[in-house]
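Undergrad: Using only what follows, build the 3D model:
(chains A and B)
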Protein chains: 2
Amino acid sequence: MAKTESYPLHGGQLQQIAERFGIPVTQLLDFSANINPDGPPSSVLSTLRASLDDPSALTEYPDLQLTEIKQAIASYARVDTRNITVANGFVPLLEAVLRALPIRRCLLPVPAFVEYRKTLGRGGVEIAPYALDPDSNFKYDPAAMVAADQDAVLLANPQNPSGICHDGALIRDLVVRASKKKQYILLDEAFIDYVPEHSLTAETDEFSNLIVFRSVTKFHGVPGLRVAYAVAHRSLSLSIGDSVPPWPVTTLASRAVSAALNDQPYADRTRARNIDRRNSLQHELEQLGLLAYPSSANFILFRLCARIDPNLFWQHMIVEHGIVLRACTNYEGLPKGFFRAAVRTEEENSRLIEALIETLFSLAPDRK
Amino acid sequence: MAKTESYPLHGGQLQQIAERFGIPVTQLLDFSANINPDGPPSSVLSTLRASLDDPSALTEYPDLQLTEIKQAIASYARVDTRNITVANGFVPLLEAVLRALPIRRCLLPVPAFVEYRKTLGRGGVEIAPYALDPDSNFKYDPAAMVAADQDAVLLANPQNPSGICHDGALIRDLVVRASKKKQYILLDEAFIDYVPEHSLTAETDEFSNLIVFRSVTKFHGVPGLRVAYAVAHRSLSLSIGDSVPPWPVTTLASRAVSAALNDQPYADRTRARNIDRRNSLQHELEQLGLLAYPSSANFILFRLCARIDPNLFWQHMIVEHGIVLRACTNYEGLPKGFFRAAVRTEEENSRLIEALIETLFSLAPDRK
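TA: Here you go, the predicted model:
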């Protein structure tokens, strides 16, 4: 039987897996983290190389960097710089929001990113978990979600780990309902870059109860650089910004990320490729009889049939095929047997499917 | 008369000054930030260049980086990796400590780094300011400092802005006294690298009420990379580490800082040069009739004679000489007329002295 403590807390923790199974990390293929498989735009590397010829990138505090990166974000996300707060990840931004706003009790739809609960807990926020139904595609119900006695709702669109994207209009309805009840909507759009038409960033000037969190990590392929941002009403943005520690991002990261955000062809290409690859992978997973959820992001959640032991399955994929899936065991409110697979390149996705075929065949109970 | 709001909040905010006075930033010489004037060790640049040839520096989460950088810190600061917490600056570390420990009321000796009060305030901590006496060289009094009804004392050694270093034995006495009263000592050793013999990092395994904060920013000349660390008893370290957001430092910063910390000849050279330069600068400031405090760090606090208007002095130094001093107007508990000057290279320090001679002569009241 699977034990939660035997799985990494996050995707992408390959070293931990390599050590546990005695496999060199270079022989593992990581489907557990949701990073753009084509890597960052070339402008990231050229910008970083150029920055190393300018000593001020190292020897000065990154005072000017927030101005540069906010301008790049403003242009990319089509908002005003005054709506933007920048930090070195989603968690520091959520921490700043919890310091700046009077949030004591928060509704938390689950399953959700494990850091939501940890960060709310550290911030002294009482959590009211709200179970989403896997059999209804984890659907959000705006009326039900704002009914409770709470100060905020923390949710993601697209969701993680399901990849399911709700229509922007439905999320907007949730914001309107919450506004009437004086509740904040904390909306994690970490994967909205794949479906930007559903983003609510442009609505933040209309709603003073909406805070949108976005990431540069995944879509632009630079998790090593640590940059995320929040978009909110200008009045809120001032308070949130005051709660972020000074100089939150490095000069190198700021310059590189600004270059990445300004690369529109890269973004278009990333979206187009991801749709093709994801559709193909989704189709193949279904051909194998796996229940795969309809994702709008760069990963797919699927469920094993109940007759296969999830822990044996996960280990077999690693030991026999060097393929690391995200075992979703530590996602609150998710029954056992769920796995998340990143959408990678065509060749890598084929390796995943071949490994799945062999593994499902090997572990099928009627073979024993 | 000087208005506080007309001064930058921190040292090093040159762009703000350039814009205000209409002077190109390249024509300003910054004595307001306390960064190693010789720049970082060459290993920093070579490590960064090499890292750009390895895509994983960008495309993977910095999971392994904390292990690498903790090993470098452990060797540099002579502590065990289990005593270390790493984050992207002092403020995130103090925030983590305030989340992890039951600190409701904190004694704050002033003058002190402006971020102390801001961070304690954001963390909901009640602040009991404790005025240090400029006429007694801002001397700490351990018996008096632990007497009050408080949970912690937040102090620096060497102090900022005075540069004064208290003997390690006196700080240890403070820790012992605080331990008996169940009070925490939050000790900022951001500038202790200049006088490492007075550091208390090695005592953290003995005292479970001591948290030491250290910086890589100033001494190693890399404020753009955002790395700091806390050293504490192993049991405390676990709690503090749990309160730090995941992946706090970038992969590039971690690798570069590890290289810097491993460069012992650089550290020895930095200390030796700083002593020579600081002694010389101190001597020259005193020759000009300025009251200069005996610093152990890479900056010197001095006081103008009362007959010269501090605001006119600060502006004259910028407008006529392009030299930016740290006006200490926004340091709580410091009378007016205090300025802090970084110790820079011999040539730059000479420029400072020549500018001071002209400025003091121009503004002397008996010339009017």
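Undergrad: Kindly report the residues of the stretch 101-250 of chain A close to chain B.
TA: For the stretch 101-250 of chain A, the contact set with chain B under CB under 8 Å from any CB of the partner chain comprises A:115, A:119, A:122-123, A:221-226, A:243, A:245-250. (C-beta placed from N, C-alpha, C; glycine too.)
Undergrad: Toward the C-terminus, what is the element adjacent to the helix or strand hosting residue A:116?
TA: Remark: residue A:116 resides in helix A:114-122, with elements defined by DSSP states H and E. Per DSSP H and E, helix A:114-122 leads on to strand A:126-131 as the next helix or strand towards the C-terminus.
Undergrad: That next one versus helix A:114-122: what angle between them?
TA: Taking axes from the mean of the first three to the mean of the last three CA atoms, to 10 degrees, one finds that strand A:126-131 is oriented at 150 degrees with respect to helix A:114-122.
Undergrad: Could you find the closest non-adjacent residue to the closest residue to chain B within the stretch 51-200 of chain A?
TA: Taking CB to the nearest CB as the measure, the point where the stretch 51-200 of chain A comes nearest chain B is residue A:91, at 3.6 Å. Once flanking residues are discounted, residue A:91 sits nearest to residue B:245: 3.6 Å by CB to CB, 6 or more residues apart in numbering or on different chains.
Undergrad: Whichever helix in chain A runs longest - contacts with which helices or strands?
TA: The helix of greatest length in chain A, counted in residues with DSSP state H as the criterion, is given as helix A:264-287. Here helix A:264-287 touches strand A:291-292, strand A:299-303, helix A:346-363, going by 3 or more CB pairs under 8 Å, 6 or more residues apart in numbering or on different chains; DSSP states H and E.
Undergrad: Please save the CA atoms from the second one in CSV.
TA: Written as CSV, here are the backbone C-alpha positions of strand A:299-303 (Å, rounded to 0.1, in the frame of the first residue of the first chain):
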residue,chain,number,x,y,z
PHE,A,299,-0.2,18.4,-17.7
ILE,A,300,-2.8,15.8,-17.5
LEU,A,301,-4.4,14.1,-14.5
PHE,A,302,-5.3,10.5,-14.9
ARG,A,303,-6.6,7.7,-12.7
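Undergrad: Which secondary structure elements does the helix or strand following that strand sit against?
TA: As assigned by DSSP H and E, the chain's next helix or strand after strand A:299-303 is helix A:310-321. In terms of contact count using 3+ CB pairs under 8 Å, 6+ apart, helix A:310-321 is assigned the packing partners helix A:14-21, strand A:323-324, strand A:326-327, strand A:338-342, helix A:346-363.
Undergrad: between these, which one is nearest to residue A:204?
TA: Closest to residue A:204 of the helices and strands packed on helix A:310-321, according to CB to CB: strand A:338-342, at 29.3 Å.
Undergrad: Name the residues of stretch A:74-82 that come out as buried.
TA: A:74, A:76, A:77, A:79, A:81 (16 or more other CB atoms under 10 Å in any protein chain shown).
Undergrad: Stretch A:80-97 too?
TA: A:81, A:83-97.
Undergrad: what about the helices in the stretch 101-250 of chain A?
TA: Read by DSSP state H, counting those that start in this stretch, the stretch 101-250 of chain A holds these helices, from start to end of the chain: A:114-122, A:142-145, A:168-180, A:234-242.
Undergrad: Can you convert these into JSON lines and add a column each for distance to residue B:152 and mean neighbour count?
TA: Conversion of the helices of the stretch 101-250 of chain A to JSON lines gives the following (distance: least, CB to CB, whole Å; neighbours: other CB atoms under 10 Å in any protein chain shown):
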{"stretch": "helix A:114-122", "distance to residue B:152": "19", "mean neighbour count": "19"}
{"stretch": "helix A:142-145", "distance to residue B:152": "40", "mean neighbour count": "14"}
{"stretch": "helix A:168-180", "distance to residue B:152": "38", "mean neighbour count": "18"}
{"stretch": "helix A:234-242", "distance to residue B:152": "23", "mean neighbour count": "17"}
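Undergrad: I'd say residue A:71 and residue A:82 touch.
TA: No: the criterion here is CB atoms under 8 Å, and residue A:71 misses it with residue A:82 at 11.5 Å.
Undergrad: Give me the helices and strands touching the helix holding residue A:116, please.
TA: Packed against helix A:114-122 by the contact rule (3+ CB pairs under 8 Å, 6+ apart) you find helix A:90-100, strand A:105-110, strand A:126-131.
Undergrad: can you redo the ones you listed as a markdown table with distance to residue A:18?
TA: Written out in a markdown table, the entries for these read as follows (distance: least, CB to CB, whole Å):
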| stretch | distance to residue A:18 |
| --- | --- |
| helix A:90-100 | 25 |
| strand A:105-110 | 30 |
| strand A:126-131 | 34 |
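Undergrad: mind checking pLDDT for the residue nearest to residue A:235 when sequence neighbours are not counted?
TA: By the measure of CB to CB, 6+ apart, the closest residue to residue A:235 outside its immediate chain neighbours is residue A:208, 6.3 Å from it. Per-residue pLDDT puts residue A:208 at 96.
Undergrad: right, so the helices and strands packed on helix A:310-321: which one is the most enclosed?
TA: Mean neighbour counts were taken over these using mean count of other CB atoms under 10 Å in any protein chain shown, and the top value, a mean of 26, falls to strand A:326-327.
Undergrad: I'd like to know which elements that strand is packed against.
TA: Counting by 3+ CB pairs under 8 Å, 6+ apart, strand A:326-327 packs on helix A:310-321, strand A:338-342.
Undergrad: Quick check: which of the ones you listed has the most neighbours on average?
TA: Per-stretch averages of neighbours, counted by mean count of other CB under 10 Å, single out strand A:338-342 among these, with a mean of 25.
Undergrad: Next, the angle helix A:264-287 makes with it.
TA: Taking the same axes, to 10 degrees, one finds strand A:338-342 and helix A:264-287 inclined to each other by 140 degrees.
Undergrad: of all of the stretch 251-368 of chain A, which residue lies closest to chain B?
TA: Among residues of the stretch 251-368 of chain A, the one nearest chain B by CB to the nearest CB turns out to be residue A:251. It sits 3.8 Å away.
Undergrad: In contact with that residue, which residues are there?
TA: A:51, A:56, A:57, A:58, A:60, A:62, A:65, B:224, B:225 (CB atoms under 8 Å, 6 or more residues apart in numbering or on different chains).
Undergrad: Kindly report the same for residue A:211.
TA: For residue A:211, the contacting residues are A:97, A:184, A:185, A:186, A:187, A:204, A:230, A:231, A:232, A:236, A:240, by CB under 8 Å, 6+ apart.
Undergrad: Nearest to residue A:261 among those residues?
TA: The shortest separation between residue A:261 and any of the contacts of residue A:211 is 13.5 Å, and it belongs to residue A:231 (by CB to CB).
Undergrad: Verify the contact between that closest one and residue A:82 for me.
TA: No: applying CB under 8 Å, one finds residue A:231 not in contact with residue A:82, separated by 10.3 Å.
Undergrad: Now the common contact residues for the two.
TA: Between them, residue A:231 and residue A:82 share the neighbouring residues residue A:237, with contact defined by CB under 8 Å, 6+ apart.
Undergrad: about what we covered before: including mean pLDDT and distance to residue A:366, could the helices and strands packed on helix A:114-122 go into TSV?
TA: As requested, these are exported to TSV (pLDDT from 0 to 100; distance: least, CB to CB, whole Å):
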stretch	mean pLDDT	distance to residue A:366
helix A:90-100	96	44
strand A:105-110	98	34
strand A:126-131	97	33
